[in-house]
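Undergrad: here are the coordinates; sequence isn't available:
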């Protein structure tokens, strides 16, 4: 899963919830975690710890997602 995939899922939420889509970030992250887990199972890392991989992915991309939301709401 890449950041681009995360933004595509957010845009789908935006189609459903409109301007209030940002209120559903927790729901989005729950959905994305399951996708990330299935990707992780298909391509495991040498460490083999999905939770550690998920925390790194979420930490890095949550900040980017918030910046993406703010930037796109201004335009």
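TA: Yep, it's here. Please read these numbers as outputs of a predicted model, since none were measured by experiment.
Undergrad: I'd say residue 62 and residue 26 touch.
TA: No. Contact criterion CB atoms under 8 Å: residue 62 and residue 26 do not qualify, at 10.7 Å. (Glycine included, C-beta is placed from N, CA and C.)
Undergrad: Need the single longest helix in the chain, by residues.
TA: Taking DSSP state H as the criterion, the chain has its longest helix at helix 50-74.
Undergrad: List of residues touching that one?
TA: 1, 3, 6-7, 10, 19, 21-22, 25, 29, 33, 36-37, 40-41, 45, 47 (CB atoms under 8 Å, 6 or more residues apart in numbering).
Undergrad: got it, and stretch 10-26?
TA: If you take CB under 8 Å, 6+ apart as the criterion, stretch 10-26 is touched by 27-28, 62, 65, 68-69, 73.
Undergrad: Kindly recompute the last result at 6 Å.
TA: Around stretch 10-26, the neighbours that count as contacts under CB atoms under 6 Å, 6 or more residues apart in numbering are 28, 69.
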